[in-house]
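Asks: Just the structure for this:
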Amino acid sequence: MTDTGAGSSLYLGFDDTRARVVLRTGEKFRDDLVQLAARFPTWAQLGPLAISVDLDDLLGRLKLISGWPDHTGVEWEPELAELVRGNLQDAATVKSRLDTTKAVEELGAAEVLASLGGDWIGDLRAFQLRDVAKLLSLHHGANFSVPGAGKTRVALAVYAAQRTAGKVRRLLVVCPKSAYESWQFETGACFRKPLRTDVFERSPDGWAEVLIVNYERLDRSLAALAGWLQEAPSMIILDEAHRMKLGSRGTYGAACMALGPLARRRLILTGTPAPNGAKDLESLLGFVWPGYGHRTVATAVDGGDLAYASSVLRPLFTRTTKQELGLPMVDSKVRYVDMPPLHREIYDSLVGGLSGITSRDDLSSLGRTALRLLMAATSPALLLEAASKHEPLAYQLPPLEIPRNDSMFELLQKLPSYELSPKYQEAAAIVAENAANGRKTLVWTTFVRSLTTLQKLLAKYQPAVVHGGTLDREDQLRRFRNDPNCMVLVSNPATLGEGISLHQVCHDAVYVDRDFMAGRFLQSLDRIHRLGLDPETETRVTVLAVRNSIDITVEERLTQKLEFMGKILDDPSVQQLSDLQEEPSVAGGLDASDVRALLRHMEN
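Replies: Below is the predicted model:
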C-alpha cells in the first residue's frame, strides 16, 4: 500500500523475519504515523511512510492501534490478524479461569473422543483426555507433562480434532532426531488410515500431511518450510521445545519464531519448560502467544511469589505429573568425596591460574573455564592433550608412590599413576555392589575421555558405551538391555539424555559429574523413571560431588533452578530433586546467575 487511495490508511504486516511488524500509511496520514511510532519503544524508520516495530511491542500495545484516526482504514495481513485474534481469545479464556466466579467450558471425555473423528483409533488414558480437553479449550497451547505421559499422542489428538473441525489440514513437527521414530509410529498407530508422513531432508513432500524436521535444519530451510505451511491451513508442534529456550536470541528460537505465525495453531511439548528460570519460560510461551505469553510470565514472577506465579500461569499449560502416572518417588542422594592430596594441590593451583586469565565479561571464556574445572574436579589429567579425544586415562593399580622432586606439570602428566580419582573409585564401588545384587547401573559423565576411562575401569562388568562418536549405538543399547553379563551402561546426557527408555531393565543411575543445565539433568533422570515402571520398583539415583570444588557450586545452582521449576509447575517430584539427601561414600550451560556463582568459587 502506498497511499490512502488503495482502500486502507494503515497497513500492518510481518517483515521477513516475522519478529517485527511493518506499518505503512499514505501521505495524508504521514504525521499520524510519526505520532504513533513515538509511542512504541522499539520503532524504527523504514522510509517516509513506513516504520517497523517488534512483534511483542506491538501486541503489548494493541490499544494504540485503536487510536488511529481512520478506524475503518486499518488493514491487517491475514497471518498477523489470525495471531492477534488467537492471543485475545486465549487471554479471555485464561482470565475466566482465574476468575472463580466464571466457569470455563471444557469438553468431557466422551466429547473429546467424538471430536477426534472416525479416523482416530488411538487409546487415550484419562489424564490424556483431560490434557486434550484443556488444550482444545485454548486457541494455542503448551503441554509440560513429564516424559512417558504420552505427549506425542495428546498432540496428535489435538491435531485430529482440529482437522475434523476443518481448521487445519497439515502438521509440521519440529523435534530432535531421536524423536523421529516416536512420531512416525504414532502417526500410524493412532489413525485408521496412517497419516502420510515425511522426514524433511532437502525439500518437503508436497503431498505429506505430516512433515517432521529437526531443530538443526530449521535455520537453513526456513523458506521451504514457510512455503509448505502456507500452502494449506497448518498446525505446528515443537517437541522438546526447551531446545528453543533462548527465543529470538538463539538460532533455533529465531527460526521457530519466524515459522510460528504462519500456522493456524501452535503447540509446544516439553517436560522441562524452565530449566534456567523464568527467561526460558518467557521464550517458550512467547512462541505460543507472541507478546502475551512473554509479558504474562514476566509479570507473574516479578514479585517473587512463586505460588502466586504458578496460579497465574497454570491456565496457560497442561501438565501430567509423575504422581498422576503412579510412579514412586526417586530415591535420590548425593555422596561427597574428598580429593586426594596431589589432586587437591593441582585443582587449587588451576583455580588460581584460571581466575587470573578468565575474562569476566566473556561468557564463552567463562564457559570454557567451568568445563575445565568440572574436568579437574573429576581428574585434572583429563585436561591434558591425548593422542585422541577418546583415549582413556592410564590408571596404575595399585598406585605408585608420589615422587617429591617432580614439577607440578610432570605430576599432572603422571597423576593417574599416583592417585585414582575418588569419583571413579566411588562409581566403581556402586556398580560392583549393584552387580552383586543383580542390578544394572547407568553411569552418566559429561566428558568423552572420562567415559572411556570408566569403560576401562569397569571392564569386568562388560560395559556398554554410548557417546556422540558411537557408531553402533543401537547395538550397545541392545546389549545393555538384553545381555545379563552387561551390568553397566556409560554415557553422557548430551547424547543419551533424550529419546530412549531404559526403565524396563535399569533402576540405578550414578552421576560422576553434572553441569549447570538443569533441563539436561531432569531429562537424563527420566531414562530410568517413566511410565510403565512397576509401582513397587525402587529407583535410585546417586550424585557424586567433590567437596570444596565447582561441584558444590553446580549443586547449589541446580537446586535453585529445580526449586523454581517445581514451584512454577506445582510439581513436588521436581522440587524433591532439588533436595538431595547426603549419604556416606563407600570408596555447563551458564546463565548470569551461574556466572556469578562460578566467579565466587574462583575467588574463594
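Asks: How about residues contacting the host helix or strand of residue 153?
Replies: With elements delineated by DSSP states H and E, residue 153 resides in helix 151-164, which encompasses its position. Helix 151-164 has contacts (CB atoms under 8 Å, 6 or more residues apart in numbering) with 112, 115-117, 119-120, 122, 124, 128, 131-132, 135-136, 141, 143, 145, 168-169, 171, 179, 182-183, 186-187, 190-191, 235, 237, 239, 264-265, 267, 269, 271. Every residue, glycine included, has its C-beta placed from N, CA and C.
Asks: next helix or strand past it?
Replies: strand 170-174.
Asks: Quickly run through the sheet partners of that following strand, with directions.
Replies: Counting by DSSP bridges, the strands paired with strand 170-174 are strand 210-213 (parallel), strand 234-239 (parallel).
Asks: Of all those strands, which one comes closest to residue 538?
Replies: Nearest to residue 538 among the strands paired with strand 170-174 is strand 234-239; the distance by CB to CB comes to 30.6 Å.
Asks: For the stretch 451-600 of the chain, give me the ranges with low pLDDT.
Replies: Regions of the stretch 451-600 of the chain meeting the criterion pLDDT under 70 cover residues 575-600.
Asks: Also the stretch 51-200 of the chain?
Replies: 97-105.
Asks: what are the ranges of the strands in it?
Replies: Remark: strands of the stretch 51-200 of the chain, listed N- to C-terminal, are 74-76, 141-143, 170-174, 197-199; assignment by DSSP state E, counting those that start in this stretch.
Asks: List the neighbours of the third one that are in contact with it.
Replies: Read that as strand 170-174. Counting contacts by CB under 8 Å, 6+ apart, the residues outside strand 170-174 that touch it are 159, 183, 195, 208-215, 218, 225, 228-229, 231-239, 256, 259, 263.
Asks: okay, the angle between it and helix 151-164?
Replies: Between the axis of strand 170-174 and that of helix 151-164 there is an angle of 160 degrees, by axes from the mean of the first three to the mean of the last three CA atoms, to 10 degrees.
Asks: Check which residues of strand 170-174 are buried.
Replies: Buried residues in strand 170-174, counted by 16 or more other CB atoms under 10 Å: 170, 171, 172, 173, 174.
Asks: Tell me the one of the residues you listed nearest residue 23?
Replies: Distance from residue 23 was checked for each of these by CB to CB. The minimum falls on residue 172, at 28.6 Å.
Asks: The closest one bridge partners, please.
Replies: Per DSSP bridges, the residues bridged to residue 172 are residue 211, residue 236.
Asks: can you count the residues close to the closest residue to residue 214 other than its chain neighbours?
Replies: Counting by CB to CB, 6 or more residues apart in numbering, the nearest residue to residue 214 once its immediate chain neighbours are dropped is residue 177, at 5.1 Å. In terms of burial, residue 177 registers 15 neighbours under the definition other CB atoms under 10 Å.
Asks: rewinding a little: in ChimeraX, how would I select just the buried ones from the contacts of strand 170-174?
Replies: Those of those that meet the burial criterion (16+ other CB under 10 Å) are gathered into one ChimeraX selection, given here:
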select :159,183,195,208,209,210,211,212,213,214,215,218,225,228,229,233,234,235,236,237,238,239,256,259,263
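Asks: Quick check, residue 501 in contact with residue 527.
Replies: Yes: Residue 501 sits in contact with residue 527 when judged by CB atoms under 8 Å, with a separation of 6.8 Å.
Asks: Buried subset of the contacts of helix 151-164, written for PyMOL?
Replies: If you want just the buried ones from these in PyMOL, going by 16+ other CB under 10 Å, the selection is:
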select buried, resi 112+115+116+120+122+124+128+131+132+135+136+141+143+145+168+171+179+183+186+187+190+191+235+237+239+264+265+267+269+271
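Asks: Of residue 501 and residue 527, which one has the most company?
Replies: Each of residue 501 and residue 527 has its neighbours counted (other CB under 10 Å); residue 527 has more, 23 against 17.
Asks: who's in contact with the more buried one?
Replies: Under the criterion of CB under 8 Å, 6+ apart, the contact list for residue 527 reads 442, 496, 497, 500, 501, 502, 503, 506, 509.
Asks: rerun at 10 Å
Replies: Shown here is residue 527, whose contacts under the criterion CB atoms under 10 Å, 6 or more residues apart in numbering are 147, 442, 444, 489, 491, 493, 496-503, 506, 509.
Asks: can you check residue 57 too?
Replies: Under the criterion of CB under 10 Å, 6+ apart, the neighbours of residue 57 are 20, 21, 39, 40, 41, 42, 43, 64, 291.
Asks: can you do 6 Å?
Replies: With contacts taken as CB atoms under 6 Å, 6 or more residues apart in numbering, residue 57 has the following neighbours: 40, 42.
Asks: what do you get for residue 471?
Replies: Residues touching residue 471, when contacts are defined by CB under 6 Å, 6+ apart, are absent altogether.
Asks: backbone phi and psi for it, please?
Replies: The phi/psi pair for residue 471 (degrees, to the nearest 10) reads phi -90, psi -30.
Asks: do the same with the one 5 residues further on
Replies: Main-chain dihedrals, residue 476, degrees, to the nearest 10: phi -60, psi -40.
Asks: Count the residues that sit near it.
Replies: When neighbours are counted by other CB under 10 Å, residue 476 registers 21.
Asks: Going by neighbour count, list what's buried in the helix or strand containing residue 334.
Replies: Assigned by DSSP H and E, residue 334 belongs to strand 331-337. Buried residues in strand 331-337, counted by 16+ other CB under 10 Å: 332, 334, 335, 336, 337.
Asks: show me what contacts the spatially closest residue to residue 229 that is not a sequence neighbour?
Replies: Of all residues beyond its chain neighbours, the one nearest residue 229 is residue 262 (4.3 Å), with distances taken as CB to CB, 6+ apart. Counting by CB under 6 Å, 6+ apart, residue 262 makes contact with 79, 226, 229, 230.
Asks: ok, and the most crowded of these?
Replies: Within those, neighbour counts (other CB under 10 Å) peak at residue 229, which reaches 24 neighbours.
Asks: so which helix or strand takes in that residue?
Replies: Under the assignment given by DSSP H and E, the secondary-structure element containing residue 229 is helix 222-230.
Asks: same deal with residue 556?
Replies: When elements are defined using DSSP H and E, residue 556 is found to belong to helix 550-569.
Asks: Likewise for residue 282?
Replies: Secondary structure (DSSP H and E) places residue 282 in helix 278-288.
Asks: any idea how far that helix is from the chain center?
Replies: Once both centres are worked out by CA atoms, centre = their mean, to the nearest Å, helix 278-288 turns out to sit 11 Å from its chain's centre.
Asks: List the contacts of it.
Replies: Looking at helix 278-288 with CB under 6 Å, 6+ apart, the contacting residues turn out to be 140, 142, 241, 245, 247, 256, 260, 266, 268, 273-274, 293-294, 297, 301.
Asks: Out of the strands paired with strand 170-174, flag the one nearest residue 513.
Replies: Closest among the strands paired with strand 170-174, using CB to CB: strand 234-239, at 27.9 Å.
Asks: tell me the angle that closest one makes with helix 222-230.
Replies: Between the axes of strand 234-239 and helix 222-230, defined by the same axes, to 10 degrees, the angle is 120 degrees.
Asks: Name the residues that touch strand 234-239?
Replies: For strand 234-239, the external contacting residues (CB under 6 Å, 6+ apart) are 155, 159, 168, 170-175, 179, 263, 265-269.
Asks: before we move on, back to that, which ones among the contacts of helix 278-288 lie within helices?
Replies: Counting by DSSP state H, the part of the contacts of helix 278-288 found in helices is 256, 293, 294, 297, 301.
Asks: Now do the closest residue to the second one other than its chain neighbours against residue 560, distance only.
Replies: Which is residue 293. Nearest in space to residue 293, with sequence neighbours left out and distances taken as CB to CB, 6+ apart, is residue 285 at 3.1 Å. Between residue 285 and residue 560 the distance, using CB to CB, to the nearest Å, works out to 21 Å.
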